[in-house]
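1. The sequence and its predicted three-dimensional model are supplied below.
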Amino acid sequence: MSAVDVKQASARTLGRAAAETRAGPKTTVWQRIWRDRIMLLMVLPGVLYFILFRYLPLLGNIIAFEDYLPFLGFTDSAFVGFANFQQMFADPAFWQATVNTIIIAILQIVFYFPMPIILAMMLQSLISTRVRRAIQSVVYLPHFVSWVIVVALWQQVLGGSGIFVHTLRDLGLPPLNVMTEPGFFKPLVTLQLIWKETGYATIIFLAALLSIDSSLYEAAVMDGAGRWQRIWHVTLPGIMGVIILLLILRLGLFLSVGFEQILLQRNAVGPAAGEVLDTYVYFKGIVGGQWGVTAAAGLIKGIIGTLLVLGANKFAHRMGQEGVYN
Amino acid sequence: MAVQAGEISERPAWLEKDPKLLRAVKIGVFVVILFVVIYPFISVLATSLASEPDVIKNGGLVIWPEHPTFGAYQTIFAGGVVTRAIIVSVAITSIGTLLSLAVTIGMAYGLSRPIWGGKYFLLIALFTLLFVPGIIPNYLAVKQYGLLNTYAALILPVLVSAFNLVVLRQFFMNIPGELLDSARIDGANDWDILVKIVMPLSMAVVAVVALFYAVSYWNDFFTALLYLNDSSMWPLQLVLRLYVVQGAPLPSAGDVVENAPPLESIQMAVVVVAMIPILCVYPFLQRYFTRGVLSGAIKG
């Protein structure tokens, strides 16, 4: 989305400049700054924010190459070259976190990603707008609830005193607390993501579905296409562009698998099952004080993440997907 | 968007009726979905209203409290950790939302007009969509700025969202330039134009962005976990994490009441209190925000 934004936005700014008659002929830079002084003052706090909190922190990555000691600060800590990276690659916990991240990411793409598409198609098939709106207003809700609350809700339902354990007991099965069982952790976080975000994610697919020209359906019916044939030959091709685009964007975020969600539940199942790259950095770095090594891990993750996002954007462009977004 | 096409509630002539079996399956699936989404909320609410006998009767599972009581709510509002956390959260959410709005509106409006350097200022904001500095560098920066263990650390590091900036700027750009030019000819400066012309025209979209910010400030817990060591400063979501998700025992608020409400009820009452603001703004969110998301994400 972002690379598309950047290009379009700058093109628009230029277009405006030509259309709006503010710029007089041959004004100097200082005259223009003076002319726009109020506007520039309004823009300044925002620009300062981005510089102070989004760009300058990048300098902190320098400690990935240092034996960082907080009381020395990053100017006086010893420079150690790539020692932190060597130490990181030799750490089995880092590899465990990498493997966990990849497994969860794959589970999310295979099981979560298709859900909003299926739900959107089911909603589209409802004839009554009122019923559809009512269902939408229920299924969008979990998106706005914080992860802390979502985990509390799930504990309430699946935990020791919840309805799930009660039902198991009534059926004569052993009471199983899914929330604290390491083997269930990865499917569990995937299910939670499905529960929280499926409804909200239908918005974009539903918009795409509703913009399919209904004459295509009529024509398909004329040609004798049944319900499932229409889904296959009209509906799916009609939204394939959006599906591919969102899939690519999701692949761009491959290494970021729900940091807050997993941070909240990692301790219940232990690091072997529950550690992902982001929580590895948090627990080993901020909590454990191993600054250099985890800064190295964060840096590597950040670089790969940015490359994935850039690659995904480029790929989306190459697929000619801007058309979908207009 | 052809959303209007969906407004028609009649069956188009070409569309055959669902066969009975398919219809039953569809209804069944929707009922299950609705139940799965709603049940946890109901269960939490029921437990928060339950009294001791309700909780004991079924081994902790409360389907419907037969002796409903607001005891749990009285307990958490009687002062103590939860009350203080609620005050902190309300304050951070309101101050943060106002600050974020002011800075975002100023930047979005400035960048919606062809001002000097505008293109580059916009790129500065948009490029941040491509990367995040990471947990450790962010922490070091906040520490370097002397913001650790201050409430400012809950607001300043997340002050402007590039997404909200794009949504607002997009809206401001659609305000006709002639309107603003004519005001300028009448002697208004850029500040007057923003306050007297642009803002009144943009109240709906500003309200959406305000809700966006308010929800994210209210729901945030990681910023506080990262930057506040002192647990007496914690906002509600972190308190919720400690006493509900991690199950730490709640310190009692001074005098212990007779017939003290069961622990489960108190925990669930905290969850309900943390959800109430979201539930209150949800109808507005749902109505405007869908549109906002679509126009922002699609045209952005």
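-> Looks like it came in fine.
2. Poorly predicted segments of chain B, please.
-> Along chain B, the parts satisfying pLDDT under 70 run over B:1-9, B:59-60, B:252-259, B:289-300.
3. try the stretch 101-250 of chain A
-> For the stretch 101-250 of chain A, no stretch is flagged by pLDDT under 70.
4. Quick check: the residue of it nearest chain B.
-> Of all residues in the stretch 101-250 of chain A, A:Ser161 sits closest to chain B, at 2.6 Å by C-beta to the nearest C-beta. (Glycine included, C-beta is placed from N, CA and C.)
5. Which secondary structure element is home to that residue?
-> Under DSSP states H and E, no helix or strand contains A:Ser161.
6. What distance do you get for it to A:Leu153?
-> 14 Å (C-beta to C-beta, to the nearest Å).
7. These two - which one has more neighbours?
-> Looking at A:Ser161 and A:Leu153 with other C-beta atoms under 10 Å in any protein chain shown, you find the greater number of neighbours at A:Leu153, namely 25 against 17.
8. what sits against that one?
-> By C-beta atoms under 8 Å, 6 or more residues apart in numbering or on different chains, A:Leu153 lies in contact with A:Val145, B:Pro40, B:Phe41, B:Ser43, B:Val44, B:Val271.
9. Mind checking what secondary structure it has?
-> helix (DSSP: H, G, I helix; E, B strand; the rest coil).
10. Can stretch B:106-113 be said to contact chain A?
-> Yes - using C-beta under 8 Å from any C-beta of the partner chain, stretch B:106-113 reaches chain A at B:Gly106, B:Met107, B:Tyr109, B:Gly110, B:Leu111, B:Arg113.
11. meant to ask about stretch B:169-180, not that
-> Yes - part of stretch B:169-180 sits near chain A under the criterion C-beta under 8 Å from any C-beta, namely B:Arg169, B:Met173, B:Gly177.
12. Filter those residues down to the buried ones.
-> Neighbour counting with 16 or more other C-beta atoms under 10 Å in any protein chain shown marks B:Arg169, B:Met173, B:Gly177 as buried within these.
13. Out of those, flag the one nearest to chain A.
-> When these are ranked by distance to chain A (C-beta to the nearest C-beta), B:Gly177 comes first, at 4.5 Å.
14. Starting from B:Phe77, give me the distance back to that closest one.
-> Look at B:Gly177 and B:Phe77: by C-beta to C-beta, they are 52 Å apart.
15. Same check on A:Pro237?
-> Distance of A:Pro237 to B:Phe77, computed by C-beta to C-beta: 56 Å.
16. Likewise for A:Ile244?
-> A:Ile244 is 51 Å from B:Phe77, by C-beta to C-beta.
17. Please work out which residues outside stretch B:211-221 touch it.
-> By C-beta under 8 Å, 6+ apart, the residues outside stretch B:211-221 that reach it are A:144-148, A:260, B:89, B:92-94, B:96-97, B:100-101, B:104, B:154-155, B:158, B:161, B:164, B:235, B:237-238, B:240-241, B:277-278, B:281, B:284-285, B:288-289, B:292.
18. Likewise for stretch B:13-22?
-> Here stretch B:13-22 makes contact (C-beta under 8 Å, 6+ apart) with A:Ile127, A:Tyr217, A:Glu218, A:Val221, A:Met222, A:Arg227, B:Arg11, B:Lys26.
19. Mind picking the two most distant members of the residues you listed?
-> For these, the maximum inter-member distance is 25.2 Å, found between A:Met222 and B:Lys26 (C-beta to C-beta).
20. neighbour-wise, which of those two wins?
-> B:Lys26 (14 against 9).
21. Please tell me how far the strand or helix carrying that one is from the chain's geometric centre.
-> Assigned by DSSP H and E, B:Lys26 falls within helix B:20-49. Taking C-alpha atoms, centre = their mean, to the nearest Å, one finds the center of helix B:20-49 at 24 Å from the center of the full chain.
22. Helix or strand next in line after that helix, which one?
-> Next helix or strand after helix B:20-49 toward the C-terminus (DSSP H and E): helix B:52-57.
23. Can you give me the distance of the spatially most central residue of chain A to chain B?
-> For chain A, A:Leu253 is the residue whose C-alpha lies nearest the centre (C-alpha atoms, centre = their mean; 5.8 Å). Distance, A:Leu253 to chain B, using C-beta to the nearest C-beta, to the nearest Å: 11 Å.
24. all helices for the stretch 151-300 of chain A, in order.
-> Using DSSP state H, counting those that start in this stretch, the helices of the stretch 151-300 of chain A run over residues A:163-170, A:185-210, A:214-222, A:227-230, A:236-252, A:259-269, A:271-274, A:277-281, A:291-318.
25. now the third one: how far from the chain's centre is it?
-> The chain centroid and the centroid of helix A:214-222 are separated by 36 Å under C-alpha atoms, centre = their mean.
26. Can you give me the buried ones in that helix?
-> Buried residues in helix A:214-222, counting neighbours by 16+ other C-beta under 10 Å, are found at A:Tyr217, A:Ala220, A:Val221.
27. ok, residue 140 - contacts?
-> Going with chain A. With contact taken as C-beta under 8 Å, 6+ apart, A:Tyr140 is in contact with A:Gly199, A:Tyr200, A:Ile203, B:Gln286, B:Thr290.
28. ah, no, chain B please
-> When contacts are counted by C-beta under 8 Å, 6+ apart, B:Leu140 touches A:Pro57, A:Gly60, A:Ile63, A:Phe74.
29. Please name the nearest non-neighbouring residue to B:Thr128.
-> Take B:Thr128 and drop its neighbours on the chain: the residue closest to it by C-beta to C-beta, 6 or more residues apart in numbering or on different chains is A:Arg54, 4.5 Å away.
30. measure the one you found to B:Pro200 for me?
-> Noted for A:Arg54: a distance of 32 Å to B:Pro200, by C-beta to C-beta.
31. Neighbour count for these two, which is higher?
-> Per other C-beta under 10 Å, whichever of A:Arg54 and B:Pro200 has more neighbours is A:Arg54, with 21 against 8.
32. Hmm, B:Gly134 and that one touching each other?
-> No - A:Arg54 lies out of contact with B:Gly134 (C-beta atoms under 8 Å); the separation is 11.5 Å.
33. Now list the buried members of the contacts of stretch B:211-221.
-> In the contacts of stretch B:211-221, the ones that pass as buried (16+ other C-beta under 10 Å) are A:144-148, A:260, B:89, B:92-93, B:96-97, B:100-101, B:104, B:154-155, B:158, B:161, B:164, B:235, B:237-238, B:240-241, B:277-278, B:281, B:285, B:288-289, B:292.
34. A:Val29 reaches B:Gly117, doesn't it?
-> No - using C-beta under 8 Å, A:Val29 makes no contact with B:Gly117, being 9.4 Å away.
35. Between the two, tell me which one has more neighbours.
-> Ranked by neighbour count (other C-beta under 10 Å), A:Val29 and B:Gly117 place B:Gly117 first, with 17 against 9.
36. residues contacting the more buried one?
-> Residues near B:Gly117 by C-beta under 8 Å, 6+ apart: A:Leu40.
37. How about B:Lys26?
-> With contacts defined as C-beta under 8 Å, 6+ apart, B:Lys26 is in contact with A:Met122, A:Ser125, B:Asp18.
38. Among those, name the buried ones.
-> Those of these that meet the buried threshold are A:Met122, A:Ser125, by 16+ other C-beta under 10 Å.
39. Make a markdown table from the contacts of B:Lys26 and add secondary structure to it.
-> Shown next, in a markdown table, are those (three-state DSSP):
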| residue | secondary structure |
| --- | --- |
| A:Met122 | helix |
| A:Ser125 | coil |
| B:Asp18 | coil |
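40. From the contacts of B:Lys26, pick the one nearest A:Gly288.
-> A:Met122 (46.6 Å).
41. pretty sure the closest one is touching B:Gly28, no?
-> No - using C-beta under 8 Å, A:Met122 is not in contact with B:Gly28, being 11.6 Å away.
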